[in-house]
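Enquirer: my questions are about this predicted structure, shown below with the sequence.
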Amino acid sequence: AADKINLIPQDFFAELCEQIIQHLNNKIPGVNIAELCQRIQTSGIEINVGDLAKVANIVSFLFSTAARNNLSTEELVTALGTAVSALPKHAVQVIRHVWNEQGKSVTVSEDARNMATVGQFVDIKWKLGVAMSSDICRSLKYPYVTVTLRVADPSGQVTDKSFEMTIPQFKNFFRQFKEMAAVLETV
């Protein structure tokens, strides 16, 4: 992972670290790895989404472990120095700075640890479409609904999940949401 961290320019690595801290503080639902990766690639750096996600997971684990153990900035840097000798100097400087500035705000509660296995809803988008024809059938006129859910996984990586439903499936989906809303009204 150190070789992947070495590829990431200091300003992008700092942004990644700050977003991870914000995610750990529940200020943002997750880190949009795909968007950050695209910006890094646009700047001329060759890195793929999977490698950046691995770096984000490592940094997230690092910060959450440091918070769980109430480490000071110096204790964290010392632990990094003994455990990870290959970590680039600029990365250690960024981690030191971000932890010094925002580390005290990170609290990893028991509830947060229990929730860590569940993703967090970020956004939903939908569109109605009509399939007009295909190579098999000239006149389909088949309506469908496409739904895209944006979800942050436990590590904070934001992903989109898309699926299509027929109109009867969508009506069932909608009915279930109305039932959930009714139950929430009673709470």
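Expert: Right, received. Where do you want to start? Residues are numbered from 1 along each chain as shown.

Enquirer: pull the distance from stretch 29-48 to the chain's centre.
Expert: Mean C-alpha position of stretch 29-48 versus that of the full chain (C-alpha atoms, centre = their mean, to the nearest Å) differs by 12 Å.

Enquirer: sorry, slip of the keys, the one I care about is stretch 150-165.
Expert: Centroid separation for stretch 150-165 versus its chain: 8 Å, with C-alpha atoms, centre = their mean.

Enquirer: what's the neighbour count on L76?
Expert: For L76, the count of nearby residues is 22 (other C-beta atoms under 10 Å). C-beta coordinates here come from the backbone N, C-alpha and C atoms, glycine included.

Enquirer: from Q102, how far off is it?
Expert: For L76, the distance to Q102 equals 12 Å [C-beta to C-beta, to the nearest Å].

Enquirer: ok, now T166?
Expert: Distance of T166 to Q102, computed by C-beta to C-beta: 47 Å.

Enquirer: higher neighbour count, the two?
Expert: Q102 (17 against 12).

Enquirer: quick one: which helix or strand includes that one?
Expert: Using DSSP states H and E, Q102 falls within helix 89-102.

Enquirer: what does Q22 give?
Expert: Assigned by DSSP H and E, Q22 falls in helix 10-24.

Enquirer: next helix or strand past that helix?
Expert: Moving toward the C-terminus from helix 10-24, the next helix or strand (DSSP H and E) is helix 33-42.

Enquirer: which is the next helix or strand following that next one?
Expert: The helix or strand immediately downstream of helix 33-42 is helix 49-68, counting by DSSP H and E.

Enquirer: per-residue confidence for the nearest residue to Q102 once chain neighbours are set aside?
Expert: Excluding the flanking residues, the one nearest Q102 by C-beta to C-beta, 6 or more residues apart in numbering is I21, at 4.7 Å. Note on I21: pLDDT of 90.

Enquirer: same thing with E35?
Expert: For E35, pLDDT reads 90.

Enquirer: for the residue of the chain positioned farthest from its centre, phi and psi?
Expert: Within the chain, R138 marks the point farthest from the mean C-alpha position, 42.4 Å out by C-alpha atoms, centre = their mean. Main-chain dihedrals, R138, degrees, to the nearest 10: phi -80, psi -30.

Enquirer: ok, now which ones touch it?
Expert: By C-beta atoms under 8 Å, 6 or more residues apart in numbering, R138 lies in contact with nothing.

Enquirer: burial of N6, as a residue count?
Expert: Count around N6 with other C-beta under 10 Å applied: 14.
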